[in-house]
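**Q** Build me a model from this:
(one chain, ligands or ions: 1)
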Amino acid sequence: MKIKLSGAGKRFNREWIFRNADLEFLSGISYAITGPNGSGKSTLLQSIAGMLHLNEGSISYASTNNNIPPDEAFQYISFSAPYLEVIEEMTLVEFLKFHFQFKNYLEGMNAQEVIEAIGLQAAAQKQIRYYSSGMKQRVKLAQAIFTNTPVVLLDEPCSNLDIQGIELYHSLIQNYCKERLVIVCSNDEVEYSFCKERIAITNFKSNLRGRAFRRDT
Ligand SMILES: Nc1ncnc2c1ncn2[C@@H]1O[C@H](COP(=O)(O)OP(=O)(O)OP(=O)(O)O)[C@@H](O)[C@H]1O
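**A** Residues are numbered from 1 along each chain as shown. Okay, here's the model as predicted:
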């Protein structure tokens with residue numbers, strides 16, 4: 001899987017969040033998008049996911065042999081973020097059953113195994129609305145990581161997680177993401193310590209018109 005941004009730029013109203021981004025992402029490599037609060041990490045990640053449209057430049061997706069039309073790219077991408085909601089009225093068992101009607105489990109996994117992998121057996125029949133914020137974050141991570149997609153995009157993956165939760169996150173990455181294209185969006189080293197490639201969003205920003213932007217990996 002390959003995702004390529006060429007001269008990519010995104011603005012909200014008159015404010016450019018990033019510009020002139022030329023980036024390439026490949027399977028088997030983990031990338032971190034870093035930068036301070038409000039610098040545009042989530043905006044870049046959502047643009048990569050195709051959830052936000054670029055205002056300039058282009059994005060392309062390709063599997064080993066084929067170009068993937070942008071409006072079909074969502075089938076290849078899993079996305080986890082604290083601001084994406086889970087269906088709180090459902091129990092975890094119901095939620096997994098619902099989600100995996102539309103996408104496939106990673107090979108060899110099923111609902112029971114996913115629930116065990118994230119340590120939520122005791123709460124599996126409880127409505128998600130009664131989960132703590134850390135328990136909900138485990139569900140969001142599981143939803144992304146255990147879905148059989150070549151691309152896994154993680155925005156602030158450890159938010160609300162305790163030490164055991166952070167260890168769990170690292171073991172999920174280690175065990176289930178090695179061959180995949182992973183992009184982590186974060187300003188906390190703990191969340192992206194395993195990422196070989198680092199992309200500072202500040203390199204795609206400038207208040208000065210016409211100033212050159214550059215990539216820093
Ligand atoms: N839908 C939107 N409409 C207008 N402005 C927006 C919108 N979404 C984000 N922004 C603005 O874009 C900028 C970048 O926000 P973004 O959430 O991408 O930053 P971030 O680096 O992920 O921040 P954090 O580390 O706090 O999560 C901010 O100034 C934010 O206010």
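
**Q** From now on I want contacts and neighbour counts done on CA atoms only, so please keep to that.
**A** Will do.

**Q** Of all residues in this protein, which one is nearest the centre?
**A** Nearest to the geometric centre of the chain sits L153, at 1.7 Å (CA atoms, centre = their mean).

**Q** Quick check: that residue touching I77?
**A** Yes - applying CA atoms under 8 Å as the test, L153 and I77 come out as touching, 7.3 Å apart.

**Q** Quickly list what's touching both of the two.
**A** Both L153 and I77 are contacted by A49, under the criterion CA atoms under 8 Å, 6 or more residues apart in numbering.

**Q** quick one on the thing from earlier: so which elements touch the strand or helix carrying the residue nearest to the centre of the chain?
**A** Per DSSP states H and E: L153 is located in strand 151-155. Packing partners of strand 151-155 (3 or more CA pairs under 8 Å, 6 or more residues apart in numbering; DSSP states H and E): helix 41-48, strand 77-80, helix 133-145, strand 181-185.

**Q** Let me have the ones you listed in TSV, adding mean neighbour count, distance to M1 and mean pLDDT as columns.
**A** Supplementary listing: the helices and strands packed on strand 151-155 in TSV, determined by neighbours: other CA atoms under 10 Å; distance: least, CA to CA, whole Å; pLDDT from 0 to 100:
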stretch	mean neighbour count	distance to M1	mean pLDDT
helix 41-48	21	13	98
strand 77-80	21	10	98
helix 133-145	21	16	98
strand 181-185	25	7	98
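
**Q** Show me how far stretch 86-95 is from its chain's centre.
**A** For stretch 86-95, the gap between its own C-alpha mean and the chain's C-alpha mean amounts to 21 Å (CA atoms, centre = their mean, to the nearest Å).

**Q** For this structure, list the residues in contact with the ligand, please.
**A** Proximity of the chain to the ligand, by CA under 6 Å from any ligand atom, involves residues 12, 17, 35-43.

**Q** Which members of those are classed as buried?
**A** Buried by 16 or more other CA atoms under 10 Å: 17, 35, 39-43, out of those.

**Q** for those residues, which one is nearest K126?
**A** The shortest separation between K126 and any of these is 30.6 Å, and it belongs to S42 (by CA to CA).

**Q** where does the chain have low pLDDT?
**A** Screening the chain residue by residue with the criterion pLDDT under 70, one finds the ranges 206-217.

**Q** The same query, at a cut-off of 90, please.
**A** Applying pLDDT under 90 to the chain picks out residues 64-65, 205-217.

**Q** all strands of this protein, in order?
**A** Listed from the start of the chain, the chain has strands (DSSP state E) covering 2-12, 15-26, 30-34, 56-62, 67-68, 77-80, 151-155, 181-185, 197-200.

**Q** tell me which strands and helices the shortest one is in contact with?
**A** It refers to strand 67-68. Using 3+ CA pairs under 8 Å, 6+ apart as the contact test, the elements touching strand 67-68 are strand 56-62.
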